[in-house]
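Undergrad: return a 3D structure for these sequence lines:
(chains A and B)
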Amino acid sequence: MASTAEIQSGLAEILEEVAGVAPADATPEKSFTEDLDVDSLSMVEIATAVEDKFGVAIPDDELGGIKTVGDAISFIEKNQD
Amino acid sequence: MNFNNGDVVVTGLGATTPLGADVPSTWDALLAGRSGVTRITDEWVEPFPAQLVARLAQEPAEKIDRVRSRRLDRSQQVAVVAAEEAWADSGAGDAGYDSLRIAVVVGTGIGGALTLLGQDDVLEEKGPKRVSPFTIPMLMPNGPAAAVGLAIGARGGVHAPVSACASGAEAIRWGLDMLRLDRADVVLVGGTEACVHPLPMAGFASMRAMSTRNDDPEHASRPFDAGRDGFVLAEGAACLVLEREDAAKARGAKVYGKLAGAGGTSDGYDLVAPHPEGEGAQRAIGAALRDAGLTAADIGHVNAHATSTPVGDIAEAAAILESIGDHAAVTATKSQTGHLLGAAGALESVFCLLALRDQVIPGTQNIEQLDDAAAVQKLDIVRGAPRTATFSAALNDSFGFGGHNMALVFTTA
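TA: Numbers count the residues shown, from 1 in each chain, chains lettered A, B, ... in the order given. Below is the predicted model of the structure:
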């Protein structure tokens, strides 16, 4: 089980790799689309990378509800084994 | 319908090629007689009959940042590199043009083959869920034009002619039409290609279209030479910025020359073989001359399509002789660049404009024994070193599998 801090830093790594987001900017209150300029196709790539890193699959009907970095952290925390 | 009869000029050039990372370095290398051709050393090439390639002098990743690159196919990356050079060179981005009147026409012969083939590997190895969500925008043949349109903020239309190795030239003709039909005020035109991969290499080789002179890369592309045995696959892109002459002059833009006329025809003869006398090519050249209001006697220089295939070079020589005559200085720059397929017509148009500007005609390399076909023998082919000349009009031919024929006429400003 990854801690909240580990999830946040892991997610920041993914955001940097996929969308060029500086790790310092990947804070929980940030909106993917509004603040970090992450588009819908990049969100799909992020979901795939999250599954690889944390073993947590994000179903398509859940992906649309994940608006902020904090939403993603919570989803991963709740759904990890 | 609105028409605009003003002359169209070229105000910006961009290129990334096997000879150089930009237009000046490519032109310098061309005039110095350098070759961009090398032999592939990767293990996969071992069973291939044709092992030669002309790769980019500079990787696009050196000019485009990593995050932007990863969602662009290589054909799109090189298109963006060439387009950004041309756009900056023209200064059109700072000229106050309304984005609704800025258009893009960038063609490709093959499109995003590397993405298609690479993602097919992902599909086979890891399953459908691992296929990139960027697969479709990266492989679609309008992808390079769309990427360029985004890069320069074009909202007046983004178009992508696909006519194999005539695509780049067709894009230029399309841009000319857009300005004449008053559909835009500035059009960035060009061509792009990046498909160095085992599958296209195998396909072209199976057609017996590629040179197998594997032990002698620099001399493998030898248009009009008796010993030529096919083309050398190259990658790269070239772009030009077209504007109306009055607007360009009003803003004090640098002008390379005029795009005076264009002609396009189809052979209606065979899917891939050219008509033996270049009948469709002759009609394209004739149409371009009439469109430019010039006669054959006005053409001082021809940058031939001449890919170094046994059949194609002779058909083109016949077409040039019939429609232009034997007075024009002909050159075949693919002897150094290799064949950039959908980018070829755009790159060779860049060469025509620089030849006009500098009054110098690049030489054709690797002709040791001129082909004995009568038409080839009669043409004035510039061999070896560049030749200085006084001329005011140049013709660029481009032909593509499918029977596409394009001819473009450029003149001094």
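Undergrad: after the helix or strand of chain A with the lowest mean pLDDT, next one along is what?
TA: Ranked by mean pLDDT, DSSP states H and E, the helix or strand of chain A with the weakest confidence is helix A:60-63, at a mean of 92. Sequence order places helix A:69-79 as the next helix or strand after helix A:60-63, per DSSP states H and E.
Undergrad: tell me which element the residue nearest to B:Thr115 when sequence neighbours are not counted is part of?
TA: Nearest non-adjacent residue to B:Thr115, counting by Cβ to Cβ, 6 or more residues apart in numbering or on different chains: B:Met138, 4.0 Å away. Glycine gets a C-beta too; all of them are placed from N, C-alpha and C. Taking DSSP H and E as the definition, B:Met138 sits inside helix B:135-139.
Undergrad: pull the CA atoms of that helix into PDB?
TA: The C-alpha coordinates for helix B:135-139 follow below in PDB (Å, rounded to 0.1, in the frame of the first residue of the first chain):
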ATOM      1  CA  THR B 135      -2.500   6.700 -32.400                       C
ATOM      2  CA  ILE B 136      -5.100   8.100 -34.800                       C
ATOM      3  CA  PRO B 137      -4.000  11.800 -34.700                       C
ATOM      4  CA  MET B 138      -0.400  10.600 -35.200                       C
ATOM      5  CA  LEU B 139      -1.100   8.300 -38.100                       C
END
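Undergrad: and it, what does it pack onto?
TA: helix B:113-126 (3 or more Cβ pairs under 8 Å, 6 or more residues apart in numbering or on different chains; DSSP states H and E).
Undergrad: got the residues of the stretch 51-200 of chain B near chain A?
TA: B:65-67, B:70-71, B:129-130, B:132-134, B:137 (Cβ under 8 Å from any Cβ of the partner chain).
Undergrad: so which bits of the helix or strand in which A:Val44 is found are buried?
TA: Taking DSSP H and E as the criterion, A:Val44 maps to helix A:40-54. The neighbour-count check on helix A:40-54 (16 or more other Cβ atoms under 10 Å in any protein chain shown) flags A:41-50, A:54 as buried.
Undergrad: intersect the residues you listed with the contacts of chain B.
TA: A:41-42, A:44-45, A:48.
Undergrad: quick one: which of these is nearest B:Thr192?
TA: A:Leu41 (21.8 Å; Cβ to Cβ).
Undergrad: for the closest one, give me its contacts.
TA: B:71, B:133-134, B:137 (Cβ atoms under 8 Å, 6 or more residues apart in numbering or on different chains).
Undergrad: mind picking the two most distant members of the residues of the stretch 51-200 of chain B next to chain A?
TA: Pairwise across these, and taking Cβ to Cβ, the largest span is found between B:Asp65 and B:Lys129, at 27.7 Å.
Undergrad: pick out the residue of the stretch 301-413 of chain B closest to chain A.
TA: B:Gly342 (25.5 Å; Cβ to the nearest Cβ).
Undergrad: isn't that residue right next to B:Gly107, touching?
TA: Yes. Counting by Cβ atoms under 8 Å, B:Gly107 is a contact partner of B:Gly342 at 5.4 Å.
Undergrad: quick check: closest non-adjacent residue to B:Val78.
TA: B:Ala237 (4.1 Å).
Undergrad: could you point out the helix or strand that follows the strand or helix carrying B:Asp89?
TA: According to DSSP H and E, B:Asp89 maps onto helix B:74-90. Later in the chain than helix B:74-90, the nearest helix or strand by DSSP H and E is strand B:102-108.
Undergrad: just checking: what are the partner strands of that next one?
TA: Applying DSSP bridges, strand B:102-108 is found paired with strand B:158-159 (parallel), strand B:186-193 (parallel).
Undergrad: I'd like these as JSON lines, with mean pLDDT, distance to B:Tyr256 and mean neighbour count appended.
TA: Converted to JSON lines, the strands paired with strand B:102-108 look like this (pLDDT from 0 to 100; distance: least, Cβ to Cβ, whole Å; neighbours: other Cβ atoms under 10 Å in any protein chain shown):
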{"stretch": "strand B:158-159", "mean pLDDT": "98", "distance to B:Tyr256": "22", "mean neighbour count": "20"}
{"stretch": "strand B:186-193", "mean pLDDT": "98", "distance to B:Tyr256": "13", "mean neighbour count": "34"}
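Undergrad: now the ones you listed as JSON lines including distance to B:Met210?
TA: Compiled in JSON lines, these are given as follows (distance: least, Cβ to Cβ, whole Å):
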{"stretch": "strand B:158-159", "distance to B:Met210": "30"}
{"stretch": "strand B:186-193", "distance to B:Met210": "15"}
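Undergrad: out of those strands, which comes closest to B:Asp313?
TA: Short answer: strand B:186-193, nearest of these by Cβ to Cβ, at 20.3 Å.
Undergrad: so that closest one versus helix B:74-90, what angle?
TA: 140 degrees (axes from the mean of the first three to the mean of the last three Cα atoms, to 10 degrees).
Undergrad: distance from the chain centre to strand B:186-193, please.
TA: Averaged C-alpha coordinates place strand B:186-193 at 10 Å from its chain's average position (Cα atoms, centre = their mean, to the nearest Å).
Undergrad: and the angle from it to helix B:113-126?
TA: Using the same axes, to 10 degrees: strand B:186-193 against helix B:113-126 is 50 degrees.
Undergrad: and after strand B:186-193, which helix or strand comes next?
TA: helix B:198-206.
Undergrad: that next one: how far from the chain's middle?
TA: That offset, for helix B:198-206, works out to 20 Å (Cα atoms, centre = their mean).
Undergrad: same for it, what does it pack against?
TA: helix B:113-126, strand B:233-234.
Undergrad: list the buried residues of that helix.
TA: Buried residues in helix B:198-206 (16+ other Cβ under 10 Å): B:200-201, B:204-205.
Undergrad: show me the two of those that sit farthest apart.
TA: B:Pro200 and B:Ala205, at 9.3 Å, using Cβ to Cβ across the buried residues of helix B:198-206.
Undergrad: if we can go back for a sec, isn't the residue nearest to B:Val78 up against B:Thr192?
TA: Yes. Judged on Cβ under 8 Å, B:Ala237 makes contact with B:Thr192 at a distance of 3.8 Å.
Undergrad: so for those two, which residues contact both of them?
TA: B:75, B:78-79, B:82, B:144, B:343.
Undergrad: need the residues you listed in TSV with pLDDT and neighbour count, can you?
TA: Listed next are the shared contacts of B:Ala237 and B:Thr192 as TSV, based on pLDDT from 0 to 100; neighbours: other Cβ atoms under 10 Å in any protein chain shown:
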residue	pLDDT	neighbour count
B:Ser75	98	35
B:Val78	98	30
B:Ala79	98	38
B:Ala82	98	35
B:Pro144	98	36
B:Ala343	98	37
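Undergrad: quick one: low-confidence ranges for the stretch 251-400 of chain B?
TA: Within the stretch 251-400 of chain B, no range satisfies pLDDT under 70.
Undergrad: and the helices in it, which stretches?
TA: B:279-292, B:310-323, B:334-337, B:344-358, B:374-378 (DSSP state H, counting those that start in this stretch).
Undergrad: export those helices as a markdown table, with columns for mean neighbour count.
TA: Below are the helices of the stretch 251-400 of chain B laid out as a markdown table (neighbours: other Cβ atoms under 10 Å in any protein chain shown):
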| stretch | mean neighbour count |
| --- | --- |
| helix B:279-292 | 22 |
| helix B:310-323 | 23 |
| helix B:334-337 | 29 |
| helix B:344-358 | 27 |
| helix B:374-378 | 17 |
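Undergrad: Serialize those helices to JSON lines and add fields for distance to B:Lys258.
TA: Below are the helices of the stretch 251-400 of chain B laid out as JSON lines (distance: least, Cβ to Cβ, whole Å):
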{"stretch": "helix B:279-292", "distance to B:Lys258": "9"}
{"stretch": "helix B:310-323", "distance to B:Lys258": "20"}
{"stretch": "helix B:334-337", "distance to B:Lys258": "24"}
{"stretch": "helix B:344-358", "distance to B:Lys258": "9"}
{"stretch": "helix B:374-378", "distance to B:Lys258": "29"}
